[in-house]
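The sequence and its predicted three-dimensional model are supplied below.
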Amino acid sequence: MKNILIGVGNVLFKDEGVGIYASKYLQKNFDFGEELEIIEGGTLGFKLMTYFQEYDNVIILDTVSIEDKAGEIYRLPSDVLLGLGQYRKTAHEVEIVEMLEICSVLEKHAEVTILGIIPEDIQSVEIGLTQNIENRFDEYIAQALKECESIGIKPKRKDNKSIKNIAQELIGSYNGEHLNRIPNEEDTTWN
């Protein structure tokens, strides 16, 4: 079985980056062995379609635009997501739904599950999560680990880096706190 977890979003717009932060948090703090590939999908949009066709299971970490309070977490299998209708407020949400619609008519496509969290702020241009979403981040990670376990993957904790440390290593900043040095190439490599 080929499994992949994709963090989607844009770290420049506050909570819009939660999928990216979550995927990096999982990659830095857990060992998934050869059973799971983790990538940062950012705003790749339709370029992600290859993964929908080549993998058996695709887990997407992202925000969701559902009328509920910020911080609520939803598990949306692709068939449920396609039935939501109103779900499509950000550019990458539109692209993900359109990719799922296209893949649904193909002979073979992955089982796609979106773990979405309702954002509080996706309009402010700032690196970091709102306090509300940061308070729910551990639960979001727990749900992602549970989803991995549901497809037979057994993650093992290997480190305990905070989201702030991970963001600063990657971008040099988190919620207005900056590294005391300019991030180097090693810091900004998303591997």
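Perfect, I can see it now. Residues are numbered from 1 along each chain as shown.

What ranges in the chain fall below the confidence cut-off?
The model of the chain has pLDDT under 70 over residues 84-94, 180-191.

for it, which helix is longest?
helix 131-150 (DSSP state H).

can you give me the strands in the chain?
Under the criterion DSSP state E, the chain contains strands at 3-8, 30-31, 37-42, 57-63, 73-77, 111-117, 156-157, 173-174, 177-178.

So which residues make contact with the fourth one?
Spelled out, it's strand 57-63. 1-9, 15-16, 18-19, 22-23, 41, 51-52, 90, 92-93, 96, 110-119, 122, 140, 144, 147-148, 151 (CB atoms under 8 Å, 6 or more residues apart in numbering). C-beta: built from backbone N, CA, C; applies to glycine.

Run through who's touching stretch 116-135.
If you take CB under 8 Å, 6+ apart as the criterion, stretch 116-135 is touched by 11-18, 21, 61-66, 68-74, 76, 90, 136-137, 140, 163, 167, 171, 173-176.

what about 7 Å?
With CB atoms under 7 Å, 6 or more residues apart in numbering as the test, stretch 116-135 has contacts from 11-16, 18, 21, 62-64, 66, 68-74, 76, 90, 136-137, 140, 163, 167, 171, 173-175.

Got a PyMOL select line for the buried ones in those?
The buried residues among the contacts of stretch 116-135 can be selected in PyMOL (16 or more other CB atoms under 10 Å) with this line:
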select buried, resi 11+13+14+15+16+18+21+62+63+64+71+73+74+76+90+136+137+140+163+167+171+173+174+175
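
Surely Pro155 touches Leu145?
Yes: Pro155 is in contact with Leu145 according to CB atoms under 7 Å; the separation is 5.6 Å.

Now the common contact residues for those two.
If you check Pro155 and Leu145 against CB under 7 Å, 6+ apart, no residue is contacted by both.

how long is stretch 4-15 end to end?
Distance across stretch 4-15, first residue to last, is 22 Å (CA to CA, to the nearest Å).

go on, stretch 36-53?
Across stretch 36-53, first to last residue, CA to CA, it's 16 Å.

Please apply the same query to stretch 113-129.
23 Å.

To what extent is Leu115 buried, counted in neighbours?
Around Leu115 sit 22 other residues, with neighbours defined as other CB atoms under 10 Å.

Any idea what it is bridged to?
Beta bridges link Leu115 to Leu61, Arg75 when assigned by DSSP bridges.

Pull the contacting residues for it.
Ile59, Leu61, Ile73, Arg75, Gln143, Ala144, Glu147.

Please apply the same query to Lys156.
Phe30, Asp31.

what would the strands of the chain look like in a markdown table with distance to Ile127?
Putting those into a markdown table (distance: least, CB to CB, whole Å) gives the following:
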| stretch | distance to Ile127 |
| --- | --- |
| strand 3-8 | 15 |
| strand 30-31 | 23 |
| strand 37-42 | 14 |
| strand 57-63 | 16 |
| strand 73-77 | 22 |
| strand 111-117 | 17 |
| strand 156-157 | 26 |
| strand 173-174 | 5 |
| strand 177-178 | 10 |
